[in-house]
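Student: Just to be clear, the model below is a prediction. Sequence and coordinates:
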There are 2 protein chains.
Amino acid sequence: MTSLPPPDLTVVGGGIIGLAVAWRCQRRGLRVTVWDGDADDAAWYAAAGMLAPAGETSFGQEALTALMIESSARWPAFAAELQRETGIDVGLGAHGTLAVALTGDDLAEARRLWAYREEHGLKVHRLPPSEVRDREPALSPRLRGGAHIPDDQQVDPRRVVAALRTALGPAVVRRRTAEIPPGPVVVAAGLGTAALTGLPVRPVKGLVLRLRGEPGLLRHVVVGHVDGRHVYLVPRADGEIVVGATQEERADTTVTAGSVLDLLRPATELVPELAECELTETVVRHRPATPDNAPLLGRTRGDVIVAAGHHRNGVLLAPVTADLIADLVVTGRPDPLLEAFAPGRFA
Amino acid sequence: MTSLPPPDLTVVGGGIIGLAVAWRCQRRGLRVTVWDGDADDAAWYAAAGMLAPAGETSFGQEALTALMIESSARWPAFAAELQRETGIDVGLGAHGTLAVALTGDDLAEARRLWAYREEHGLKVHRLPPSEVRDREPALSPRLRGGAHIPDDQQVDPRRVVAALRTALGPAVVRRRTAEIPPGPVVVAAGLGTAALTGLPVRPVKGLVLRLRGEPGLLRHVVVGHVDGRHVYLVPRADGEIVVGATQEERADTTVTAGSVLDLLRPATELVPELAECELTETVVRHRPATPDNAPLLGRTRGDVIVAAGHHRNGVLLAPVTADLIADLVVTGRPDPLLEAFAPGRFA
C-alpha cells in the first residue's frame, strides 16, 4: 500500500462556497481535497438563488455592495463554464426582478432601496401599478407600484451544488473535523467556521417554503414589500415557486406555525392564486452571519485562509469568492476587493 | 391443509367504523373477519376526536342530533371496555369544550348553535370574555364572548384504532376487494362504499394540522368562531395540538397554501402563542359524506348491511353505530334509532 502525497490544498466545508473555491483552485492546477462534513444545516439547500446585488442586506455597506455587483457580473461565465464541464444546467435566469409594493408605506420603503441601486449604477425601471400587472397578471390589483430591475438574475442553488460536486468528483470526501488540518487550507465551513477558527459567525434562522402550481403563473422573480414585511417569490420552469424567507436570531430548527404564516400571508396577498398551489416543502436553515453581516474573506494565520460568513449572499457571492480566494491561494496576494472583508477586523 | 369454515360475518373496511362494528359483533359471539383494504385515505387518521354532539354539522337534523347524543353517552363505557381488554388508554377527556367567538357577528352565530344545543338538553354555560380567559389565559384578549359546554368529550382516534386492532387481533386481515363478498356482510368501507354498493358517498376534503408546543398551553378543547371561520384546537397531554379542519368539495389530496392559511390564521388569532408552536404535520383526508350528510346505517339487500357515510362524525358515532349494527346482525331487527338512516332513502 502506497500512501498518497498530501494535497496542495484542503478545503474544509462542502457547501456552495467551499465547492466553488475548490473548483476554481482545481482549474488553476492545484490538487484539491474538499472535506465535506455532510452538515444537514447547509444554507444553500434552502436558498432561493436570487442574484440581486445592492439589495436590502447591503444597504449602506459600500464595499459589500461593490462585491455583490462584481459577483453578479461573473455569474453568467461561471454558470456557462460549469455547464460546459458537467452538462448540468444550473437554471440561470435573467428576466430580472419585479419589485412590488402593496401599500403607500411599502412603496416609500421600496423607493429608498431603488434609489440606492441607481446610485450604484444599477438600472431600475419604475412602473405604475397597471404596468406591473401587465407584466405579471397574477399580482394583486391592490398593489400601489413597482419596478423592473432588469439585471437581476437567478439560479437554482441545488443544481449549482450538484454541478460543482460533479465537476470535483472524487476530490470531495466525506469527512468531519473538529480541527483545522495542517498544510494550506481554506476554511469554508459556514457556521462551523466559528468553532474551527474562533471567528464570530452566528446563525440567522430562515424558513423557506416551496410551492407547486401550474408552470407560468409567474414569469419574474417577485420581491414584495407587503405591509412592512418582505417576501420573495422565485418561480422555476417546472412550476415550483420558492417563497422566502424569514430571518430570526435563533439557532433552533423548528418550523413554527408563526413563521409559516409570516411567509404565506404576504405571498398570498401579493399573488392570490398562490393559495391554490401545493405546499410541498418547509425548510429551515441558518445563514452564517458575522457581526457586520459581511463575509470573512482572507488569511487568518500562516497558511489558513477563511471564506465564510456570507449570510444571505452565499449563492450570489460564490463566483467572486471562488475567484478571489483562488487568486490568494495561488499568488499569495489579496485582491484589493478583499480588503474590507479581512477576518482580522474582528480580532 | 384444512380449509377454515367461513366466518359468521365479514366486515369490509378496517376504519374506525368497521373495526368498532367487528369488535362489538365478536363480543356477542360471532366469528368475524375484517377485510382491511389498507386505504391511505382513512378519515380517522386525520380526525381530531372531538365528541361534540349537536354541533354545526347536525344543526336542524333532529334524528342525527339524537344519534350523536346517544353515541356521546356511550363513549365512556366503550372507552373503558376497550382499555380493560387491551390496556390501551384511548385518551378520553372530559373537560368539556370552550366555545369562543372573536367578533360580534361570530358571537351571534355561536349563540344560535348554543341555543340549539340547549333545546336538546345539553348544558351550555355562557361566559363573559373575562371568564373565558380565566379558563384559558392563552386566548386572545380580543374575543367577544364564549361558553363552556361541560359534557363535550374528546378521544385520540389514532389510539382508538390501535386499541380496536389489538382487541380484534388476527380477525383483521389485509385484503382489498372490488366486490361485496358472499355471506353475512357489513360494508363499512367509507368512501369505498360507493363503488361497492352504488350508494351515494362523496369525498369532502379536509386538512388537519398538528402543532407541538409546551404541554399546558391549552386545557380545553377550543372551538372558535373567528371572523366567520370555524377552527378547533384539540390539545393532547403531551403538548400536541390538533388544528382542524377545512371542508372542501373536492377529491384531491393536495395540501394547498390557502388551506394551511385557512387554519393557521384563525388559530393564531384565537391563541397568539400558537405562532411559536412547531408545525409537525399536515394531513389531508376525505370525509365520506352522503347527500344529506347523515350516515347510511342498515340493510340494503339479503345479508348485506351498510355502516358508512359518517362525514365528520365517524369517531363520535362509532359506539352507537357498532352497538346498533351488532344488534341488527344478531337479531335481524333494526333499532328504531336506525330508521332515519336507512340506505334505502337514496334508492
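Tutor: Sure thing, it's come through. Numbering: from 1, shown residues only, chains lettered A, B, ... in the order given.

Student: Can you name the residues that contact the residue lying closest to A:E269 once chain neighbours are set aside?
Tutor: Nearest non-adjacent residue to A:E269, counting by CB to CB, 6 or more residues apart in numbering or on different chains: A:V226, 5.5 Å away. Every C-beta, even on glycine, is put in place using the N, C-alpha and C of the backbone. Residues in contact with A:V226 (CB atoms under 8 Å, 6 or more residues apart in numbering or on different chains) are A:L102, A:D106, A:P266, A:E269, A:L270.

Student: mind running it again at 10 Å?
Tutor: A:100-103, A:106, A:140, A:142-143, A:265-270 (CB atoms under 10 Å, 6 or more residues apart in numbering or on different chains).

Student: Which of the residues you listed are buried? Put it as a ChimeraX command.
Tutor: In ChimeraX, a selection of the buried entries from the contacts of A:V226 looks like this (16 or more other CB atoms under 10 Å in any protein chain shown):
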select /A:100,101,102,106,140,143,265,266,267,268,269,270
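
Student: Would you mind measuring from A:A73 to chain B?
Tutor: Going from A:A73 to chain B by CB to the nearest CB, to the nearest Å gives 35 Å.

Student: What count of nearby residues applies to A:T253?
Tutor: Neighbours of A:T253 under the rule other CB atoms under 10 Å in any protein chain shown: 15.

Student: about what we covered before: can you list the contacts of A:V226 in JSON lines and add secondary structure?
Tutor: JSON lines is the format used below for these (DSSP: H, G, I helix; E, B strand; the rest coil):
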{"residue": "A:V100", "secondary structure": "strand"}
{"residue": "A:A101", "secondary structure": "strand"}
{"residue": "A:L102", "secondary structure": "coil"}
{"residue": "A:T103", "secondary structure": "coil"}
{"residue": "A:D106", "secondary structure": "helix"}
{"residue": "A:S140", "secondary structure": "coil"}
{"residue": "A:R142", "secondary structure": "coil"}
{"residue": "A:L143", "secondary structure": "coil"}
{"residue": "A:R265", "secondary structure": "helix"}
{"residue": "A:P266", "secondary structure": "helix"}
{"residue": "A:A267", "secondary structure": "helix"}
{"residue": "A:T268", "secondary structure": "helix"}
{"residue": "A:E269", "secondary structure": "helix"}
{"residue": "A:L270", "secondary structure": "helix"}
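
Student: which among the contacts of A:V226 gets closest to B:E118?
Tutor: The nearest member of the contacts of A:V226 to B:E118, counting by CB to CB, is A:R265 at 37.6 Å.

Student: my guess is that closest one meets B:D262, correct?
Tutor: No - A:R265 is beyond contact range of B:D262, at 11.5 Å (criterion: CB atoms under 10 Å).

Student: Next up, the contacts around whichever residue of the stretch 1-150 of chain A sits closest to chain B.
Tutor: The stretch 1-150 of chain A approaches chain B most closely through A:A138 (13.5 Å), counting by CB to the nearest CB. Neighbouring residues of A:A138 by CB under 10 Å, 6+ apart: A:G213, A:G216, A:L217, A:L218, A:R219, A:V222, A:L233, A:L270, A:V271, A:P272, A:E273, A:L274.

Student: just A:L113 next, same as before
Tutor: By CB under 10 Å, 6+ apart, A:L113 lies in contact with A:A54, A:G55, A:E56, A:F59, A:A99, A:V124, A:A147, A:I149, A:V223, A:H225.

Student: and it, which of the three is it?
Tutor: Following three-state DSSP, A:L113 is assigned to helix.

Student: try the one 5 residues further on
Tutor: Recorded secondary structure, A:E118: helix (three-state DSSP).

Student: what sits against it?
Tutor: By CB under 10 Å, 6+ apart, A:E118 lies in contact with A:A54, A:V124, A:R126.

Student: On the strand side of things, show who A:D36 bridges to.
Tutor: Taking DSSP bridges, one obtains A:R174 as the residues bridged to A:D36.

Student: quick one on the thing from earlier: and the residue of the stretch 1-150 of chain A closest to chain B, what's its pLDDT?
Tutor: Looking at A:A138, its pLDDT reads 96.

Student: In which helix or strand does the nearest residue to A:R210 once chain neighbours are set aside reside?
Tutor: In space, A:R210 comes closest to A:E281 once its chain neighbours are excluded; the distance is 3.9 Å by CB to CB, 6+ apart. If you go by DSSP states H and E, A:E281 is part of strand A:278-289.

Student: Lovely, talk soon.
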